[in-house]
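Visitor: Provided below for reference: sequence and predicted model.
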There are 2 protein chains.
Amino acid sequence: MTRTHPVIGLEKAALARWCSGDPSGFLELSAPDVTYFDPFLPARLDGLEKLTAYYGGIRGKISAPRYEMIDPHVTEIGDAAILTFRFVSFGGSEGAEMRWNCTEVYRREGEDWRIVQTHWSLTGGS
Amino acid sequence: MTRTHPVIGLEKAALARWCSGDPSGFLELSAPDVTYFDPFLPARLDGLEKLTAYYGGIRGKISAPRYEMIDPHVTEIGDAAILTFRFVSFGGSEGAEMRWNCTEVYRREGEDWRIVQTHWSLTGGS
């Protein structure tokens, strides 16, 4: 299921926009009740309104000419799809190389999938 | 739902054992197909067998005399429960204070809940 799961395509499309400075791909995918962690914030963000405000502050400031989604894996539980992967970006706004762990929990809503939980963190141990 | 959701009690019990050096609380909760991220590993661990081997190497080496689960939140999607919280430990084996973000995705299996995705990372931005 993992290799062809639709949330992988959705995530890749949002990442492509993100890496060209546009966070709206993720905002359009996220549900109103999304919860969000990243390593730059002192606490979880709760709700799309707060995430929209946060991403508004970095719009156009992020770029990564080269990036790679590594080893995506999906666990489906009914209308939930839990996507995990690593992500590496090269030569972008954040320096030579950034290595990330990511968890995205998607919820099926009719024909659509919406993100209800995002967790970005820095990969260590290398 | 969040305040009384059963996975919060399960997580707290496993954390109490963890903070006294016993990782088996989490191993007993985790499903065979669990996936796992933490900030010390260079990649995701896939499967309970690998997680068991990894935790075996730190058994008895972790302690935290004081700790706190902060702001637990649960999103339920059918038989999935997505628990997010921050966690602070004080005065333990890892130094004066450690601050964590955590995502735990639980799957309902009959009367039980099993962890299928764990993501620990360090809280930043403070």
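Guide: Yes, it's here.
Visitor: Just give me how far the strand of greatest length in chain A sits from the chain centre.
Guide: In chain A, assigned by DSSP state E, the strand with the most residues is strand A:95-109. Distance of strand A:95-109 from the chain centroid (CA atoms, centre = their mean, to the nearest Å) equals 4 Å.
Visitor: Who does the residue of chain A at minimum distance from chain B form a beta bridge with?
Guide: Going by CB to the nearest CB, chain B is nearest to A:S121 of chain A, at 3.1 Å. (Each C-beta comes from the backbone N, C-alpha and C, glycine too.) Beta-bridge partners for A:S121, by DSSP bridges, are A:N101.
Visitor: Close to chain B: what parts of chain A are there?
Guide: Contacts of chain A with chain B, taken as CB under 8 Å from any CB of the partner chain, map to A:33, A:35, A:37-44, A:46, A:71, A:73, A:75, A:77-80, A:82, A:84, A:86, A:101, A:103, A:105, A:107, A:116-117, A:119, A:121-126.
Visitor: Any of those buried? List them.
Guide: Buried residues within the residues of chain A next to chain B, counting neighbours by 16 or more other CB atoms under 10 Å in any protein chain shown: A:35, A:37-39, A:41, A:44, A:73, A:75, A:77, A:80, A:82, A:84, A:86, A:101, A:103, A:105, A:107, A:116-117, A:119, A:121, A:123.
Visitor: Show me the strands in chain A, by range?
Guide: In chain A, the segments counted as strands under DSSP E are A:30-37, A:45-46, A:66-77, A:80-92, A:95-109, A:112-122.
Visitor: Packing partners of the fifth one?
Guide: In this structure, strand A:95-109 makes packing contacts with helix A:6-18, strand A:80-92, strand A:112-122, strand B:66-77, strand B:95-109, strand B:112-122, judged by 3 or more CB pairs under 8 Å, 6 or more residues apart in numbering or on different chains; DSSP states H and E.
Visitor: Switch these over to TSV; also include mean pLDDT.
Guide: Listed next are the helices and strands packed on strand A:95-109 as TSV, based on pLDDT from 0 to 100:
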stretch	mean pLDDT
helix A:6-18	97
strand A:80-92	92
strand A:112-122	98
strand B:66-77	96
strand B:95-109	93
strand B:112-122	98
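Visitor: can those go into TSV with extra columns for distance to A:F26?
Guide: What follows is those, written out as TSV (distance: least, CB to CB, whole Å):
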stretch	distance to A:F26
helix A:6-18	5
strand A:80-92	13
strand A:112-122	7
strand B:66-77	17
strand B:95-109	17
strand B:112-122	17
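Visitor: Could you say which one of those comes nearest to A:S63?
Guide: Nearest to A:S63, of all the helices and strands packed on strand A:95-109, is strand A:80-92, at 5.1 Å by CB to CB.
Visitor: Good, we can wrap up now.
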